[in-house]
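Q: Could you look at this predicted model? Sequence included:
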Amino acid sequence: MKQLQQIGLLVHSFEMILLLQLLALTIPCSDAAALKLHATHVDAGRGLTRCALLQRMAVRTKARAARLLSSGRAASDRVDPGPYTNGVPDTEYLVHLAVGTPPQPVQLILDTGSDLVWTHSITTGQLAADNFTFAAAADGTGRASVPGLAFGWGLFNNGIFESNETGIAGFSRGALSLPSQLKVDNFSHCFTAISGSEPSSTVLLGLPADLYSNAGGGVQSTPLIQISSSSLDSYYLSLKGITVGSTRLAIPESVFVLKEDGSGGTVIDSGTGMTSLPQNAYDIVSFVAQVGLPVLNSTASSLTQLCFMVLVPRGAKPDVPKLVFHFEGAALDLPRENYIIGNYQQQNMHVVYDLAGNMLSFVPAQCSEL
């Protein structure tokens, strides 16, 4: 029997926010990272259909994009986040660790766009320093405690919290972020599929220099972009173009460029569930002739544009065109099953942020084996 599947390719925004939802490589125990965190998706284990997952991701993506794009703007220039205060959290992945002595478990939002580390307090709001307990690296059976990490206690925490998260773990370039305080040269994410039965995802901090020595020729790297006139904490990539099917789309590179005033650019962000494009690039990618699939009438909700309808045998994968993001020095050819629903675009790949060398590396792998 054939069934109708809804395929969501891309959502548009005012600037480019690209989520590379992260990737995985099997690392031998001898190549263990210094610290390890377990991560779970906010919708994991809820038993939601793919359609429901897509809708929730779209709502979160619009809210997240609005928050990131409005940062530092005048009130009159703020971006409308849309109706997202409906029980759908502005959250993608939660990392699990413990704070204090004895260790008290917390679930913090994994946020590469923030330099803050803080959690909820029922008594007071203040800055503090205490022990942070991580799952030990390598086999993950032990624990590792790091003393004296600075974090904030929040008393009145409203706005983005709609799930079971208890705070934020900032992973940006800022001085107070978790990687900065731990003084590690790199960190990585590896996300398993949220609709499957795989174990929790993994975050590693302080990986060995020879991490990819046994990975063969599949590893690709692209620079993390910085500009001299702005101290941007987010991670920017140099996106050069997009291919759909066999056609390199006629999108000027200037559309994706990070400008000297800090505007524009392409951000890799752990908190964004779907890829977002600027309007002019979105219009080109959404060309029906490029995709060759019937378009779903989604006028009732802008959150599900661009979507297509495909008849496929139950359990089979639909035949969809190739989608490639071309970066400086690297090309990310997305597996077809990874871009059917945007939040899955980078599942089962391992992405390493090299903070010392200002490079981002990625390779396809099995996150459940990390």
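A: Done, it's in.
Q: got the residue ranges for the strands in the stretch 201-350 of the chain?
A: For the stretch 201-350 of the chain, the strands defined by DSSP state E, counting those that start in this stretch cover 201-205, 220-225, 235-237, 239-244, 247-248, 266-268, 276-277, 307-313, 323-327, 330-334, 349-354.
Q: which of the ones you listed has the lowest average pLDDT?
A: Of all the strands of the stretch 201-350 of the chain, the minimum mean pLDDT falls on strand 307-313 (a mean of 66).
Q: Low-confidence ranges, the stretch 51-200 of the chain, go.
A: Counting by pLDDT under 70, the low-confidence segments of the stretch 51-200 of the chain come to 65-91, 120-127, 136-142, 153-165, 195-199.
Q: related to what we said a few turns ago, can you redo the strands of the stretch 201-350 of the chain as CSV with distance to residue 259 and mean neighbour count?
A: Backbone N, C-alpha and C define where each C-beta goes, glycine included. Output for these, formatted as CSV (distance: least, C-beta to C-beta, whole Å; neighbours: other C-beta atoms under 10 Å):
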stretch, distance to residue 259, mean neighbour count
strand 201-205, 31, 26
strand 220-225, 11, 18
strand 235-237, 11, 23
strand 239-244, 14, 20
strand 247-248, 24, 13
strand 266-268, 12, 24
strand 276-277, 17, 27
strand 307-313, 32, 15
strand 323-327, 18, 20
strand 330-334, 22, 17
strand 349-354, 23, 24
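Q: Turn the ones you listed into CSV, including distance to residue 366.
A: Below are the strands of the stretch 201-350 of the chain laid out as CSV (distance: least, C-beta to C-beta, whole Å):
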stretch, distance to residue 366
strand 201-205, 11
strand 220-225, 18
strand 235-237, 24
strand 239-244, 26
strand 247-248, 30
strand 266-268, 21
strand 276-277, 28
strand 307-313, 25
strand 323-327, 21
strand 330-334, 17
strand 349-354, 9
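Q: Which one of these lies nearest to residue 49?
A: Closest of the strands of the stretch 201-350 of the chain to residue 49 is strand 307-313, at 14.7 Å (criterion: C-beta to C-beta).
Q: and of the strands of the stretch 201-350 of the chain, who's closest to residue 63?
A: In terms of C-beta to C-beta, the element of the strands of the stretch 201-350 of the chain nearest to residue 63 is strand 276-277, at 11.7 Å.
Q: and the closest one, what other elements does it pack with?
A: Applying 3 or more C-beta pairs under 8 Å, 6 or more residues apart in numbering; DSSP states H and E, we find strand 276-277 packed against strand 11-12, strand 16-18.
Q: cutoff 6 Å now
A: Using 3 or more C-beta pairs under 6 Å, 6 or more residues apart in numbering; DSSP states H and E as the contact test, no helix or strand touches strand 276-277.
Q: Report pLDDT for residue 367.
A: At residue 367 the predicted local distance difference test score is 82.
Q: so it makes contact with residue 193?
A: No: contact criterion C-beta atoms under 6 Å: residue 367 and residue 193 do not qualify, at 8.2 Å.
Q: who has more neighbours, those two?
A: residue 367 (24 against 17; other C-beta atoms under 10 Å).
Q: how near is that one to residue 187?
A: 15 Å (C-beta to C-beta, to the nearest Å).
Q: Phi, psi for residue 59 please.
A: phi -60, psi -50 (degrees, to the nearest 10).
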